[in-house]
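In: The following comprises the amino acid sequence and a computationally predicted model.
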Amino acid sequence: MTSSPTTAGGPVAQGAPDTPAPRARGGPGRAWRVLVYVAGKLATAVVSLLAVVVAGFFLFRILPGDPVRAMTEGREVTAEQREELRRQFGLDQPLWQQFLDYCAGLARFDLGTSFQYREPVADLVLERLGPTVLLAGTGTVVAAVLGLFLGARAGWRPGGRADRAHTAVALFLWSVPTFWLGLLLIVVLASGRGFVPGLFPTGGMVDPGATGGTLETALSVARHMVLPVATMVAVIYAQYLMIMRSSLMDERGADYLTTARAKGLRDGLVRRRHAVPNALLPTVTLVFLNLGQVVSGVILVETVFSWPGLGQLFYSGLRVPDLGLVQGLFVVFAASVILMNLLADLVYPLLDPRVRP
């Protein structure tokens, strides 16, 4: 009587074909691929930032207008005094020398000096960063929650009444110019001639007389935020809605949803527990990009509603033009978007195993 061949793990069936051993997880090969992936993304981010620095410097140099003339407009200033101002701000140097000085300053994290405010740009950015993050961050969170919720409802039953209504309204608001919508809300809800006159403030961040304490100040800021946040949400929530709708429509026919229905789960549970979590993956990149734009704020919204943030600061710099200010803000805006895009590229493989290196 012969015995069947055995291995260290137990008997093996006779005549069974040789099967390759399962591939071990991790290992030097995977670590190397991950390292190459991360290094490639970092290199791409650095190259993008360098391109932004070069483009931003020369782009704002071709803007019409003379900064020194704009700063001294309406004042009795001699030609010698104007030349002295040019020398102080480095505008008398050749363009290549100005560029080298600008790059050397960025290497020291020096964003330059504002012509009109006579202050370091970095100090102005830190001063205006809080109001911008408060306004744009609130608008981004509300837009993301609203867009993802409505997009999930619309994409689960495409072609239905809810789908047509949500999609039509979102696309219409998305196509409306931001400044026009903001002015319309001011006329309707804030001016003395609207349907609800004087319901909300027309601009600013806090009432001039709000000095009664923290609670009164917080309530005043909240009232001032209503119209700009509503304007911002109305314009951008369609992005989340359309991406979520498209992703959920792609998931509707998946096999795992058919299995979940066969187990007797209700349609609402199938959508919430199985379809929506997988459909959320494509929105990760959009969420990170919009988080990067939180730093840059919403320039048109802050300008229309006189919100004291980075967007309004950038607009005031363009009017002069204040080259030091707009260049510094341009780098800050671009760096925030590039950084968030880099984080999205690094986080996405952790959420979706299908794209792991």
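Out: Structure's in. What do you need?
In: which stretches of the stretch 1-150 of the chain aren't confidently modelled?
Out: 1-28, 63-75, 77, 89 (pLDDT under 70).
In: what about 80?
Out: 1-31, 34, 56, 59-95, 98, 115-116 (pLDDT under 80).
In: And for P277, the neighbour number?
Out: By other C-beta atoms under 10 Å, the residues close to P277 number 11. Just so you know, the C-beta spots here come from the backbone N, C-alpha and C atoms, and that holds for glycine as well.
In: Show me the contact partners of stretch 159-178.
Out: Contacts of stretch 159-178 with the rest of the structure, by C-beta atoms under 8 Å, 6 or more residues apart in numbering, involve 147, 150-151, 153-155, 157, 181, 231-232, 234-239, 241-242, 245, 298, 300-301, 304.
In: now do 6 Å
Out: Stretch 159-178 is contacted from outside by L150, R153, A154, A234, V235, A238, L241, L300, using C-beta atoms under 6 Å, 6 or more residues apart in numbering.
In: Helix or strand for K41, just tell me which one.
Out: helix 27-61 (DSSP states H and E).
In: Show me what that helix packs onto, helices and strands only.
Out: Judged by 3 or more C-beta pairs under 6 Å, 6 or more residues apart in numbering; DSSP states H and E, the packing partners of helix 27-61 are helix 323-351.
In: mean confidence score for the helix it packs on?
Out: For helix 323-351, the mean per-residue pLDDT is 83.
In: and the angle from it to helix 27-61?
Out: 160 degrees (axes from the mean of the first three to the mean of the last three C-alpha atoms, to 10 degrees).
In: Now do the buried residues in helix 323-351.
Out: Buried residues in helix 323-351, counted by 16 or more other C-beta atoms under 10 Å: 323-345, 348.
In: the inter-axis angle of the strand or helix carrying T285 versus helix 323-351?
Out: Here T285 sits within helix 283-296, counting by DSSP H and E. Using the same axes, to 10 degrees, the direction of helix 283-296 lies 160 degrees away from that of helix 323-351.
In: if we look at helix 283-296, which residues are touching it?
Out: With C-beta under 6 Å, 6+ apart, helix 283-296 has contacts from V133, A136, G137, T140, I243, F333, S336, V337, M340, L343, A344, Y348.
In: What number of residues are in the vicinity of D255?
Out: For D255, using other C-beta under 10 Å, the count is 7.
In: any idea of the pLDDT on it?
Out: So D255 comes in at 73 (pLDDT).
In: mind checking the SS state of G264?
Out: coil (DSSP: H, G, I helix; E, B strand; the rest coil).
In: quick one: it from V270, how far?
Out: 10 Å (C-beta to C-beta, to the nearest Å).
In: More neighbours: which of these two?
Out: Regarding G264 and V270, a neighbour count based on other C-beta under 10 Å identifies V270 as having more, with 20 against 7.
In: contacting residues around the more buried one?
Out: L257, A260, R261 are the contacts of V270 under C-beta under 6 Å, 6+ apart.
In: Identify the residue nearest the geometric centre of this structure.
Out: Using C-alpha atoms, centre = their mean, the residue of the chain that lies closest to the mean C-alpha position is N290, 2.1 Å off.
In: Report the buried residues of stretch 177-192.
Out: In stretch 177-192, counting by 16+ other C-beta under 10 Å, buried: T178, L181, G182, L185, I186, V188, L189, A190.
In: repeat for stretch 237-254
Out: In stretch 237-254, counting by 16+ other C-beta under 10 Å, buried: 237-245, 247-249, 251.
In: okay, those residues in TSV with secondary structure, pLDDT and distance to G204 next?
Out: Listed next are the buried residues of stretch 237-254 as TSV, based on DSSP: H, G, I helix; E, B strand; the rest coil; pLDDT from 0 to 100; distance: C-beta to C-beta, whole Å:
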residue	secondary structure	pLDDT	distance to G204
Y237	helix	87	25
A238	helix	87	28
Q239	helix	85	28
Y240	helix	87	29
L241	helix	88	31
M242	helix	87	34
I243	helix	85	34
M244	helix	83	35
R245	helix	85	37
S247	helix	82	40
L248	helix	80	41
M249	helix	80	43
E251	helix	76	45
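In: Which one of the residues you listed is nearest to G112?
Out: Nearest to G112 among these, counting by C-beta to C-beta, is Q239 at 33.3 Å.
In: Can you report how many residues neighbour E127?
Out: 14.
In: Okay, it and L310: tell me how far apart.
Out: In terms of C-beta to C-beta, E127 sits 10 Å off from L310.
In: same check, this time on L50
Out: 22 Å.
In: neighbour count winner among the two?
Out: For L50 versus L310, neighbours defined as other C-beta under 10 Å are more numerous around L310 (28 against 11).
In: you'd agree the more buried one is up against R128?
Out: Yes: assessed by C-beta atoms under 6 Å, L310 is found in contact with R128 at 4.9 Å.
In: so for stretch 204-211, what's the average pLDDT?
Out: Here the average pLDDT along stretch 204-211 is 72.
In: was I right about G151 contacting A238?
Out: No: contact criterion C-beta under 6 Å: G151 and A238 do not qualify, at 9.2 Å.
In: Torsion angles phi and psi at M205?
Out: For M205, the backbone dihedrals (degrees, to the nearest 10) come out as phi -120, psi -30.
In: Make 391 the first number, not 1, from now on.
Out: Sounds good: first residue 391 from here, last item M595.
In: burial count for it?
Out: That count, for M595 with other C-beta under 10 Å as the rule, works out to 22.
In: ditto for H664
Out: 18.
In: Kindly state the pLDDT recorded for the residue nearest to the centre of the chain?
Out: pLDDT, N680: 75.
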